[in-house]
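**Student:** make a model of this:
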Amino acid sequence: MRNFQKLRSAFYALEDLKEFMMLELVKLDEDQDKYKHAVVYPLPNVEEMKVPVSTENGEQVFFVFRILYEGALPPYFESTQKNAHSAYRKLLRKRYETGTTSSLRTRGEIAKLKQVVVFIKHHFSDLSIRDLDNRNRKLLIDALRNNQVISDDNWQQCAIYEEGVLSEKSYVEVFVMEQENFPYFLLQGRFVSH
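**Tutor:** I've put the predicted structure just below:
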């Protein structure tokens, strides 16, 4: 129990150090305008993609919303102790939700989608075994819902798909599109990134 408390305290101290270092880096950067709404973690990259496809009705273009988050999505934390990880959960929620909000603020109006697919593509920098179902995708889904990228995440309005791939560095891509366009999106292979 004592080792757990020491390790947890060290972990929180490391998060504080990361925040301090990021704020100091911001002070040294000459392009201060990009930090007006910044958070301590790198802001996600937000992009609206128009994907051309050939269908039985001819050539069409459909909208795909793409958000790229640096680093691997953290795993779920389970604990038998009440509130053992609540401070860390709050930090993570702040990172994803506030970062998404800040990035979207610069984009202006976004298309409202009703019947959506959220495709989460995990890029890993090595071949370590990682279970996708242990990744905390709730952080991503809540950030999308709270920023009104998706209207709701219930089963009637939202389908969620995940994939892991080997990449040069770790990051997470989130693609949001109308459900009817998802098969075309996969067939086009248009989600090749970075």
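
**Student:** pull the distance from the helix or strand where residue 140 lies to the chain's centre.
**Tutor:** Element membership for residue 140, per DSSP states H and E: helix 138-146. Centre-to-centre, helix 138-146 and its host chain are 8 Å apart (Cα atoms, centre = their mean, to the nearest Å).

**Student:** just the residues contacting that helix, thanks.
**Tutor:** The contact list for helix 138-146 (Cβ atoms under 8 Å, 6 or more residues apart in numbering) reads 67, 69, 73-74, 92-93, 95-97, 99-101, 118, 120, 150-153, 158, 160, 172, 174, 176. Yep, even glycine has a C-beta here, placed from its N, CA and C like the rest.

**Student:** please pick the buried ones from those residues.
**Tutor:** With burial judged by 16 or more other Cβ atoms under 10 Å, the buried subset of those is 67, 69, 73-74, 92-93, 95-97, 99-100, 118, 120, 150, 153, 158, 172, 174, 176.

**Student:** mind checking which of these are in strands?
**Tutor:** When DSSP state E is applied, these are split such that 67, 69, 118, 120, 158, 172, 174, 176 fall in strands.

**Student:** need those in JSON lines with distance to residue 139 and pLDDT, can you?
**Tutor:** Converted to JSON lines, these look like this (distance: Cβ to Cβ, whole Å; pLDDT from 0 to 100):
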{"residue": "67", "distance to residue 139": "12", "pLDDT": "91"}
{"residue": "69", "distance to residue 139": "9", "pLDDT": "90"}
{"residue": "118", "distance to residue 139": "12", "pLDDT": "95"}
{"residue": "120", "distance to residue 139": "11", "pLDDT": "93"}
{"residue": "158", "distance to residue 139": "15", "pLDDT": "95"}
{"residue": "172", "distance to residue 139": "10", "pLDDT": "93"}
{"residue": "174", "distance to residue 139": "11", "pLDDT": "94"}
{"residue": "176", "distance to residue 139": "15", "pLDDT": "94"}
